[in-house]
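Student: Provided below are the primary sequence and the corresponding predicted coordinates.
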Amino acid sequence: MSLDVAPTAPATAAPATPKTPARSGRRWRVTDLLSMAWLVLLVLSMLLLPTVLGLDDQQMAATDRLSGPSAAHLLGTDNYGRDLLARALSGARVSLFIGFGSVAAAAFVGVPLGMLAGYLRGRFDAVVSFVVDVILAFPGLILALALASFLGASITNVLIAITVPMTPVFVRLAKAQTLAVAGREYVEASLVIGTPARSILWRDVLPNIRTAVLSYALVSIGTAILIEGGLSFLGLGVPSPQPSWGSMINLGRSFIANDPLLIVVPAVFMLLTILSLNLLADRFLSGADAVTGGAR
């Protein structure tokens with residue numbers, strides 16, 4: 001007796017699910033777009049509006065003292081009859097220059113030192129860590145105040161006074177990130193094949209720590225702008241007659257009852273600029289982590 005077994009049909013592969021294209025990071029939120037728009041508007045305004053509208057931050061008019069917003073003066077005038085918009089935009093040039101300049105100088109010095117300390121370790125790391133600990137023993141704002149008082153009021157001295165307390169933080173950040181990267185397989189592979197330390201730091205370590213460094217740099221620019229405003233408010237920052245947001249607030253506090261715009265205008269400019277930088281730093285860091293997953 002024979003059993004007839006029906007032939008089984010060959011198994012067919014399940015239809016492949018179409019792959020969703022990888023996203024390039026977290027989507028831009030409304031706050032991210034508004035932050036970027038404000039910074040772009042601020043830069044374009046301070047570069048173009050003084051020329052287009054003929055604004056002069058030093059021109060005085062006794063008949064226009066403490067006048068409100070008008071066609072001639074969009075944001076009003078101060079107690080000397082000077083245009084508030086012109087002075088706020090001139091203060092933006094000072095604040096952004098000092099903010100970007102001090103952070104760039106601190107990162108230029110601190111990041112290489114931190115990378116070398118985290119990679120070489122040993123005595124070099126001990127010396128760098130000791131110097132960093134000594135500087136960080138002083139609160140950053142107090143140290144900036146002391147340096148500005150000692151050096152005197154000028155743009156160059158304000159840059160130095162802000163750069164010095166910021167540099168150790170970049171050293172520690174770069175060192176911590178380098179220690180996390182130095183033990184990975186691709187770094188050990190580079191060591192095995194005899195790649196020089198300079199090439200390892202430049203090609204293997206720096207690309208993997210730059211996201212954290214750039215994100216902190218954006219936050220630090222806002223901090224530098226805030227410190228500069230505090231120094232100028234106390235008369236230790238940018239000297240007169242050059243306007244600064246901090247000096248404008250200091251000048252306007254005597255007239256706050258008669259014309260609050262003297263304080264509101266520079267305070268709003270400073271608030272929106274610092275807030276925008278912080279929001280973009282958060283977006284930049286989160287977006288990079290979404291793509292890389294924190295690894296190379």
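Tutor: Ah, there it is.
Student: For residue 72, pull up the helix or strand it's in.
Tutor: Under DSSP states H and E, no helix or strand contains residue 72.
Student: Now it: closest residue in space that isn't a chain neighbour?
Tutor: residue 64 (7.7 Å; Cβ to Cβ, 6 or more residues apart in numbering). Quick note: C-beta positions are derived from backbone N, CA and C, even for glycine.
Student: any low-confidence regions in this protein?
Tutor: Along the chain, the parts satisfying pLDDT under 70 run over 1-26, 191-192, 194, 286-296.
Student: ok, now with 50
Tutor: By pLDDT under 50, the low-scoring segments of the chain are 1-24, 290-296.
Student: Just after the lengthiest helix in it, pick out the following helix or strand.
Tutor: Ranked by residue count and defined by DSSP state H, the top helix of the chain is helix 84-120. Using DSSP H and E, the next helix or strand after helix 84-120 towards the C-terminus is helix 122-136.
Student: Report the buried residues of that next one.
Tutor: Neighbour-count burial for helix 122-136 flags 125, 128-129, 132, 135 (criterion: 16 or more other Cβ atoms under 10 Å).
Student: show me where the stretch 101-250 of the chain has helices.
Tutor: 122-136, 140-151, 155-182, 185-192, 197-199, 206-233, 245-252 (DSSP state H, counting those that start in this stretch).
Student: just checking, what packs against the first one?
Tutor: Which is helix 122-136. Packing partners of helix 122-136 (3 or more Cβ pairs under 8 Å, 6 or more residues apart in numbering; DSSP states H and E): helix 84-120, helix 155-182.
Student: Just give me how far the longest one sits from the chain centre.
Tutor: Computed by Cα atoms, centre = their mean, to the nearest Å, the separation of helix 84-120 from the middle of its chain amounts to 8 Å.
Student: returning to what we had before: please tell me how far the residue nearest to residue 72 sits from residue 71.
Tutor: Using Cβ to Cβ, to the nearest Å, residue 64 is found at 12 Å from residue 71.
Student: do residue 214 as well
Tutor: 42 Å.
Student: Which one's more surrounded, those two?
Tutor: Set side by side, residue 214 and residue 71 show more neighbours around residue 214, with 14 against 5, by other Cβ atoms under 10 Å.
Student: Tell me the spatial nearest neighbour of the more buried one, not counting adjacent residues.
Tutor: Here the residue nearest residue 214, using Cβ to Cβ, 6+ apart, is residue 284, at 6.6 Å.
Student: which ones are touching residue 109?
Tutor: Neighbouring residues of residue 109 by Cβ atoms under 8 Å, 6 or more residues apart in numbering: 163, 167, 170.
Student: Could you save the residues you listed as JSON lines and add columns showing distance to residue 200 and neighbour count?
Tutor: Below are these laid out as JSON lines (distance: Cβ to Cβ, whole Å; neighbours: other Cβ atoms under 10 Å):
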{"residue": "163", "distance to residue 200": "28", "neighbour count": "23"}
{"residue": "167", "distance to residue 200": "24", "neighbour count": "23"}
{"residue": "170", "distance to residue 200": "20", "neighbour count": "25"}
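Student: With distance to residue 180 added, can I get the residues you listed in a markdown table?
Tutor: Listed next are the contacts of residue 109 as a markdown table, based on distance: Cβ to Cβ, whole Å:
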| residue | distance to residue 180 |
| --- | --- |
| 163 | 26 |
| 167 | 21 |
| 170 | 16 |
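Student: Would you mind checking which of these is nearest to residue 120?
Tutor: The closest of these to residue 120 turns out to be residue 170 (Cβ to Cβ; 17.4 Å).
Student: tell me the contacts of the nearest residue to that closest one once chain neighbours are set aside?
Tutor: Distances taken as Cβ to Cβ, 6+ apart place residue 110 nearest to residue 170, at 2.9 Å, with adjacent residues excluded. Neighbouring residues of residue 110 by Cβ under 8 Å, 6+ apart: 166-171, 173-174.
Student: In ChimeraX, select just the buried ones from those residues.
Tutor: If you want just the buried ones from these in ChimeraX, going by 16+ other Cβ under 10 Å, the selection is:
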select :166,167,168,169,170,171,173,174
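Student: could you measure the most centrally placed residue in the chain against residue 31, distance?
Tutor: Nearest to the geometric centre of the chain sits residue 218, at 1.9 Å (Cα atoms, centre = their mean). The gap separating residue 218 from residue 31 is 14 Å, by Cβ to Cβ.
Student: That'll do, ta.
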